[in-house]
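K.L.:
Just need the structure, nothing else, for what follows:
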Amino acid sequence: MNPKKAPWYFLALLILAGESVFILPFVLSRVFRPIVLEAFNLNNLQLGICFSIYGIVALVSYLLGGPLADKFAPRKLIATALWLTALGGFVYAMFPEFTVLKILYGYWGFTTIFLFWAPMIKAARVWGGTAKQGKAFGFLDGGRGLVGALFATMGVFVFALFLGTNLSGTGIEENKEAFRQVILISSGMIILVGILVWFFMKSDPKTEEEHQVDRISFSQVTRVLKLPAAWLLMIIILCAYVGYKITDVFSLYAQDVMKYNSVDSAKVGTFLLFIRPIIGVIIGILADRWQTTVLLFISFVVSFFGALIFALGFVPGSALLLFLVSILITAFGVYAARCLYFAVMEKGQVPLELTGTAVGIISLVGYTPDIFAGPAMGYLLDGSKGISGYQQVFWMLAVFSLIGGIAGWWYAKMYHKNKNFP
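P.N.:
Modelled structure (predicted):
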């Protein structure tokens, strides 16, 4: 996996696996949020609780699973995670009651993180070497966005196909049956991706050994905790991830405020997914020609101003063009930050052989929004009906973007090659 010898198909499979594993717990609920609420008889707070349970299990999985990536090759870990996640899809397709759904999300918190997350990040970092970190993580996140968009497009197509032509006159049973087909087809495709990874995502064994530790020990943790970059990245990722979670509400905003039907609101979520790969490619190219740390800071500034547009009520139900432009601005900032927050590990002097451990420790704090963001958004949306609830959600985004911007500025100040960075 030396950057000069790294095959592109390795990165392509990593991208394919990197989003496929999150299709069931996150992408479908992002694109089909109104349908999910209806089919499972949930309110926004209850769905947020499911995400919180996922997040609690994921936090433990980040910490325990991170060191595994420093000991074992990624191929088998990633393939197993994909297959286990897909099995949960068959339970999901039965539309279980709320209690079982909470257990399922806890299960997904384990399968998508413990064997998967740190191996994916480390593989991308090794692929990028010292000179292509921006490209590696920009293409990884952008590519994942494209995979998610293709899954979402397929999902919307299948959903509309099973509903037929009378989209406005369908009832809950018709919607549930159509959504069931989306879940089952998605689960089958995730299994297929796991097979491809198992047989084809192979790299030179000698190269893998160079980037692995001989054994897992507590000294790895203490070495990471001594790095200033690790502490700043905890704050940066936490704030950026809040922004990413908040993009989940755009399809619901389209239905509640813009008055779209269920299919058109799902198309808004799909539109977001198609924006993500474009942003990933742009950021990946710019980051290796400029400075990843500076771009990370700028991304928080953009997401802050995008959040203000919605928070101040500048996007009423009748302003279609303004709605789309405002989504673009907000999404650009949010997705750019997501592309870059692991790409700056190289600048922060995090040892390559400890990437898995570092990712596990940083993620322990950075991905806590999986616990609190969902219930917080649900509480705000259910407590204030209409546009006011959405304004409160975007004020939440503005606050976290401001905090992330401050942390990003400090990171750039410490590790930017030009010490005169303002």
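K.L.:
hey, let's count contacts and neighbours off CA atoms from now on
P.N.:
Will do.
K.L.:
From what I see, residue 348 and residue 232 are in contact.
P.N.:
No - look at residue 348 against residue 232 with CA atoms under 8 Å: they stay out of range, at 9.7 Å.
K.L.:
For stretch 93-101, what does the pLDDT average out to?
P.N.:
The pLDDT scores in stretch 93-101 average 95.
K.L.:
buried ones in it?
P.N.:
Buried residues in stretch 93-101, defined by neighbour count with 16 or more other CA atoms under 10 Å: 93, 95, 101.
K.L.:
circling back to that earlier point, so between residue 348 and residue 232, which is more surrounded?
P.N.:
Just comparing residue 348 and residue 232: by other CA atoms under 10 Å the higher neighbour count belongs to residue 348, 21 against 18.
K.L.:
The more buried one: what secondary structure?
P.N.:
Following DSSP: H, G, I helix; E, B strand; the rest coil, the label given to residue 348 is coil.
K.L.:
Spatially, what comes nearest to residue 330 if we skip its sequence neighbours?
P.N.:
residue 306 (4.3 Å; CA to CA, 6 or more residues apart in numbering).
K.L.:
host element of residue 38?
P.N.:
helix 33-39 (DSSP states H and E).
K.L.:
Can you name every helix or strand that whatever helix or strand comes next after that helix contacts?
P.N.:
Counting by DSSP H and E, the next helix or strand C-terminal to helix 33-39 is helix 44-71. Packing partners of helix 44-71 (3 or more CA pairs under 8 Å, 6 or more residues apart in numbering; DSSP states H and E): helix 98-111, helix 117-128, helix 355-366, helix 369-383.
K.L.:
what about 10 Å?
P.N.:
helix 33-39, helix 74-92, helix 98-111, helix 117-128, helix 205-210, helix 218-225, helix 355-366, helix 369-383 (3 or more CA pairs under 10 Å, 6 or more residues apart in numbering; DSSP states H and E).
K.L.:
Out of those, which is closest to residue 324?
P.N.:
Judged by CA to CA, the one of the helices and strands packed on helix 44-71 that comes nearest to residue 324 is helix 33-39, at 18.7 Å.
K.L.:
Which positions in the closest one come out as buried?
P.N.:
Using 16+ other CA under 10 Å as the test for burial, helix 33-39 gives 33-36, 39.
K.L.:
what sits up against that helix?
P.N.:
Applying CA atoms under 10 Å, 6 or more residues apart in numbering, the external contacts of helix 33-39 come out as 26-30, 32, 41-44, 46-47, 95-96, 172-177, 179-180, 248-252, 255-256, 261-263, 265-266, 269.
K.L.:
let's go with 7 Å and repeat that
P.N.:
For helix 33-39, the external contacting residues (CA atoms under 7 Å, 6 or more residues apart in numbering) are 29, 43, 172, 176, 252, 262.
K.L.:
All set, thanks.
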